[in-house]
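J.: quick one, structure for this:
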Amino acid sequence: MSISIQNYIKLANFYNEMSRVLSAVCVEKGGIALENYVGRFFAADVLEYIVEYGNRLKKSGVQIDAAVLDVMNLFEKQFEKVKNLVTPNQKPIYEMSLEEFEKIMNI
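T.: Below you'll find the predicted structure:
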């Protein structure tokens with residue numbers, strides 16, 4: 001996927017729609033809190049991808065509209081709150097200590 005504003009907007013729209021669906025699933029499963037739903041890990045991974053895509057877009061030198069920059073900043077703030085939920089990039093689960101695994105799984 002080539003880096004472009006249009007692709008970033010598509011990713012942002014996907015994340016927003018996915019967030020609505022995750023909330024609906026939580027309601028349908030008896031009103032469980034989103035922070036207790038297993039899909040929160042996937043949502044954090046998607047948000048991490050979108051934030052990184054935005055960072056690469058900024059570095060590319062492309063002219064970015066102020067409204068899109070506001071969305072990028074909002075996603076960065078949201079990601080700061082959930083970055084402990086993302087799938088680790090460097091170490092597979094089977095190589096983690098119990099302490100590392102508990103931290104990743106938020107146990």
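J.: chain center to the biggest helix by length in the chain, what's the gap?
T.: Identified as the longest helix of the chain according to DSSP state H is helix 5-28. Averaged C-alpha coordinates place helix 5-28 at 10 Å from its chain's average position (C-alpha atoms, centre = their mean, to the nearest Å).
J.: and it, what does it pack onto?
T.: In terms of contacts (3 or more C-beta pairs under 8 Å, 6 or more residues apart in numbering; DSSP states H and E), helix 5-28 is packed against helix 40-59, helix 66-82. Where C-beta positions appear, they are placed from N, C-alpha and C, glycine not excepted.
J.: list the buried residues for the longest one?
T.: Pointing back at helix 40-59 there. By neighbour count, with 16 or more other C-beta atoms under 10 Å as the criterion, the buried positions of helix 40-59 are Arg40, Phe41, Ala43, Ala44, Val46, Leu47, Glu48, Ile50, Val51, Tyr53, Gly54, Leu57.
J.: what does stretch 81-89 give?
T.: Residues of stretch 81-89 classed as buried: Val82, Leu85, Val86 (neighbour count, 16+ other C-beta under 10 Å).
J.: and stretch 100-107, by the same measure?
T.: Of the residues in stretch 100-107, those buried (16+ other C-beta under 10 Å) are Ile104.
J.: just the CA atoms of that stretch, as PDB, please.
T.: Listed next in PDB are the C-alpha coordinates belonging to stretch 100-107 (Å, rounded to 0.1, in the frame of the first residue of the first chain):
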ATOM      1  CA  GLU A 100       6.300 -10.400  30.700                       C
ATOM      2  CA  PHE A 101       3.300 -12.500  29.600                       C
ATOM      3  CA  GLU A 102       1.100 -11.200  32.400                       C
ATOM      4  CA  LYS A 103       2.100  -7.600  31.600                       C
ATOM      5  CA  ILE A 104       1.200  -8.100  27.900                       C
ATOM      6  CA  MET A 105      -2.100  -9.800  28.800                       C
ATOM      7  CA  ASN A 106      -2.900  -7.200  31.400                       C
ATOM      8  CA  ILE A 107      -3.300  -9.900  34.100                       C
END
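J.: coming back round to it: and the buried residues of helix 40-59 as a markdown table, adding pLDDT and distance to Lys103?
T.: Compiled in a markdown table, the buried residues of helix 40-59 are given as follows (pLDDT from 0 to 100; distance: C-beta to C-beta, whole Å):
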| residue | pLDDT | distance to Lys103 |
| --- | --- | --- |
| Arg40 | 90 | 15 |
| Phe41 | 89 | 13 |
| Ala43 | 92 | 18 |
| Ala44 | 91 | 14 |
| Val46 | 92 | 21 |
| Leu47 | 93 | 19 |
| Glu48 | 91 | 16 |
| Ile50 | 94 | 23 |
| Val51 | 94 | 21 |
| Tyr53 | 93 | 26 |
| Gly54 | 94 | 26 |
| Leu57 | 93 | 31 |
